[in-house]
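In: sequence? don't have it. structure:
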């Protein structure tokens with residue numbers, strides 16, 4: 001559908017069915033020097049007729065060329081092979097990248113690629129552009145943007161070749177299905193500070209894009225790390241609620257922990273890796289490769305080693321997991337502890353590690369050699385011997401004892417040096433957790449019968 005409009009020396013030909021519409025101008029005063037292709041906003045008067053978005057392509061042609069103005073442009077449209085925004089969620093003040101890869105199959109050469117943005121308060125605006133080298137491509141490039149206010153933003157690309165053919169973000173948008181007609185949406189958030197005069201004030205709300213699976217304070221309390229379902233772990237300033245670093249995995253992050261000196265962070269992920277990071281810079285120091293999902297990663301008390309638990313198969317539970325010990329300085333694997341592990345705990349001096357599983361056993365291992373030292377068995381008698389899960393394991397602060405809690409209705413105290421059972425503490429139901437007091441003389445247990453109990457284990 002073509003419409004002709006005349007305003008003095010200017011004559012417009014609009015193709016209202018194009019997306020976006022093409023407006024061609026015949027202006028004897030400017031066309032000779034201004035032949036080319038431009039993007040302009042058009043009046044809100046046209047918006048109901050032409051539709052979204054509210055931009056039109058302006059093509060200035062030579063005067064007295066009515067036939068040319070009404071004809072189709074030659075060649076085929078440039079192709080937006082990829083158009084990607086990373087990340088799609090960010091905190092106010094962060095920058096993000098908009099990358100593209102484009103080509104022109106029409107042979108006229110690529111002229112310009114433009115970045116357009118819209119938000120909840122303003123209409124589409126061209127905010128950046130790259131002048132291209134007139135080749136057919138493919139040409140790769142990127143823009144960066146950092147919105148000045150929190151909110152929702154939409155981004156799109158427009159690519160123009162030298163004969164006026166154009167294309168936009170609808171082709172091969174890698175953030176959406178390939179046939180999507182929608183621009184890419186980016187959500188910009190800032191820390192939510194909640195002030196109150198009560199003693200139980202919520203200081204900061206640290207927003208994430210998905211479930212938070214683990215959280216950890218640094219030893220000095222100045223930072224907080226959180227593991228997220230969106231494939232990131234994030235480090236925050238605990239005094240201001242400001243995000244300091246974003247640590248990227250390929251898939252969900254299951255756990256995060258600080259080293260004892262607070263200088264490093266260990267993360268464990270569904271992407272089959274654990275990773276060690278520098279806290280001050282956010283730089284990745286080592287990638288610890290596994291065969292399947294990594295459930296947890298924790299530092300030894302001296303910070304020189306990391307223990308990980310990973311699945312032996314791609315299943316959805318913790319049956320069939322193994323533990324590994326890694327050297328922090330080199331990222332090298334030191335030992336594999338062949339045990340169906342669901343829990344791991346270092347001794348206070350870091351020389352031993354205890355593991356527990358769902359089949360009724362806990363084991364104590366020598367960290368330097370990887371050798372099994374002792375096997376600690378829980379049994380439950382119902383017609384025959386049945387193995388019951390060990391739900392919790394902990395070394396005493398002085399390192400002389402190990403406490404275990406089991407579904408066999410007991411907690412038990414073991415000698416860490418010999419592996420001998422010292423005490424059996426009977427309960428009326430499954431025991432879920434056990435913890436030593438700081439002086440190693442008492443333990444607290446939590447039972448499924450609804451009780452918590454304190455026990456004397458000094459003798």
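Out: Done, it's in. As the structure is a computational prediction, the values presented were derived from the model and not from experiment.
In: from residue 359, how far off is residue 127?
Out: Residue 127 is 60 Å from residue 359, where distance means Cβ to Cβ, to the nearest Å. Bear in mind the C-beta positions are built from the backbone N, C-alpha and C, glycine included.
In: same question for the host helix or strand of residue 285, mean pLDDT?
Out: With elements taken from DSSP states H and E, the one containing residue 285 is strand 284-289. Strand 284-289 shows a mean pLDDT of 95.
In: and it, which strands flank it?
Out: Here strand 284-289 has these sheet partners by DSSP bridges: strand 273-278 (antiparallel).
In: need the contact partners of the particular helix or strand that has residue 391 in it.
Out: Using DSSP H and E, residue 391 sits in strand 390-395. Strand 390-395 is contacted from outside by 343, 345-348, 352, 354-358, 360-362, 378, 401-407, 416, 430-436, using Cβ atoms under 8 Å, 6 or more residues apart in numbering.
In: next SSE after it?
Out: Counting by DSSP H and E, what follows strand 390-395 is strand 401-406.
In: hang on, the earlier thing: and the angle for the strand holding residue 391 with strand 401-406?
Out: Counting by axes from the mean of the first three to the mean of the last three Cα atoms, to 10 degrees, strand 390-395 lies at 170 degrees to strand 401-406.
In: which strands border strand 390-395, and is each parallel or antiparallel?
Out: Strands that pair with strand 390-395, judged by DSSP bridges, come out as strand 401-406 (antiparallel).
In: tell me the angle of the very next helix or strand once past the strand it pairs with relative to strand 390-395?
Out: Toward the C-terminal end, the helix or strand that comes next after strand 401-406 (DSSP H and E) is strand 410-415. Orientation check (the same axes, to 10 degrees): strand 410-415 against strand 390-395 gives 30 degrees.
In: partners of strand 410-415, with directions?
Out: strand 401-406 (antiparallel), strand 421-426 (antiparallel).
In: pLDDT (mean, whole number) over that strand?
Out: The predicted model gives strand 410-415 an average pLDDT of 93.
In: same question, stretch 445-459
Out: Rounded mean pLDDT across stretch 445-459 is 90.
In: where in the stretch 1-150 of the chain is pLDDT low?
Out: Along the stretch 1-150 of the chain, the parts satisfying pLDDT under 70 run over 1-90, 104-108, 133-137.
In: what helices or strands is whichever strand or helix holds residue 235 leaning on?
Out: For residue 235, the element it lies in under DSSP H and E is strand 232-237. With contacts defined as 3 or more Cβ pairs under 8 Å, 6 or more residues apart in numbering; DSSP states H and E, the packing partners of strand 232-237 are strand 223-228, strand 243-248, strand 253-258, strand 264-269.
In: pick the most buried one from those strands.
Out: Looking across the helices and strands packed on strand 232-237 with neighbours counted as mean count of other Cβ atoms under 10 Å, the highest average goes to strand 264-269: a mean of 27.
In: list the contacts of that strand.
Out: For strand 264-269, contacts defined as Cβ under 8 Å, 6+ apart pick out 216, 225, 227, 231, 233, 235, 247, 249-259, 274-279, 285, 293-299, 303, 306, 308-310, 328.
In: need the pLDDT of the closest residue to residue 389 other than its chain neighbours.
Out: Among residues not flanking residue 389 along the chain, residue 358 sits closest, at 4.2 Å (Cβ to Cβ, 6 or more residues apart in numbering). Note on residue 358: pLDDT of 76.
In: hmm, back to that, next, the buried residues of the strand holding residue 235.
Out: Buried residues in strand 232-237, defined by neighbour count with 16 or more other Cβ atoms under 10 Å: 232, 233, 234, 235, 236.
In: ok, so of those residues, who is nearest residue 322?
Out: Among those, residue 233 lies closest to residue 322 (Cβ to Cβ), at 22.8 Å.
In: contacts only, for that closest one.
Out: Per Cβ under 8 Å, 6+ apart, neighbours of residue 233: 225, 226, 227, 246, 247, 249, 253, 256, 265, 267, 277.
In: repeat that for 7 Å
Out: Neighbour list for residue 233: 225, 226, 227, 247, 253, 256, 267 [criterion: Cβ atoms under 7 Å, 6 or more residues apart in numbering].
In: what's across from residue 237 in the sheet?
Out: residue 223.
In: let me fix that: residue 152
Out: Residue 152 forms beta bridges with residue 187, as assigned by DSSP bridges.
In: roughly how far does it sit from residue 127?
Out: For residue 152, the distance to residue 127 equals 16 Å [Cβ to Cβ].
In: so what's residue 322 bridging to?
Out: Beta bridges link residue 322 to residue 310 when assigned by DSSP bridges.
In: ignore the last one, residue 435
Out: Under the criterion used here (DSSP bridges), residue 435 is bridged to residue 444.
In: thought residue 95 was touching residue 143?
Out: No - using Cβ atoms under 7 Å, residue 95 makes no contact with residue 143, being 10.3 Å away.
In: pLDDT below threshold where in the stretch 151-300 of the chain?
Out: Within the stretch 151-300 of the chain, the segments meeting pLDDT under 70 span 161-182, 190-205, 207-209.
In: helices along this protein, start to end?
Out: 31-34, 44-50, 66-70 (DSSP state H).
In: residues near the residue nearest to residue 335 when sequence neighbours are not counted, how many?
Out: Among residues not flanking residue 335 along the chain, residue 370 sits closest, at 3.0 Å (Cβ to Cβ, 6+ apart). Number of residues near residue 370 (other Cβ atoms under 10 Å) recorded here: 15.
In: residue 458 now?
Out: By other Cβ under 10 Å, 9 other residues sit near residue 458.
In: ok, back up a step: quick check: the farthest pair among the buried residues of strand 232-237?
Out: 232 and 236 (12.1 Å).
In: any common contacting residues for these two?
Out: With Cβ under 7 Å, 6+ apart as the test, residue 232 and residue 236 reach no residue in common.
In: residues touching the closest residue in space to residue 231 that isn't next to it in sequence, list them.
Out: Spatial nearest neighbour of residue 231, excluding adjacent residues (Cβ to Cβ, 6+ apart): residue 249 at 4.9 Å. Taking Cβ under 7 Å, 6+ apart as the criterion, residue 249 is in contact with 231, 232, 267, 269, 271, 273.
In: can I assume residue 237 is in contact with residue 224?
Out: No - with contact defined as Cβ under 7 Å, residue 237 does not reach residue 224; the gap is 8.2 Å.
In: who's in contact with stretch 111-120?
Out: Contacting residues not belonging to stretch 111-120 are listed as 37, 39, 98, 100, 102, 124-132, 141, 143, 151-162 [Cβ under 7 Å, 6+ apart].
In: so which of these belong to strands?
Out: Secondary structure from DSSP state E places 37, 39, 98, 100, 102, 125-131, 141, 143, 151-161 of the contacts of stretch 111-120 in strands.
In: and residue 98, how far is that from residue 455?
Out: Counting by Cβ to Cβ - residue 98 and residue 455 are separated by 61 Å.
In: ok, the two, which is more surrounded?
Out: Taking other Cβ under 10 Å, residue 98 and residue 455 do not tie; residue 98 has more neighbours (22 against 17).
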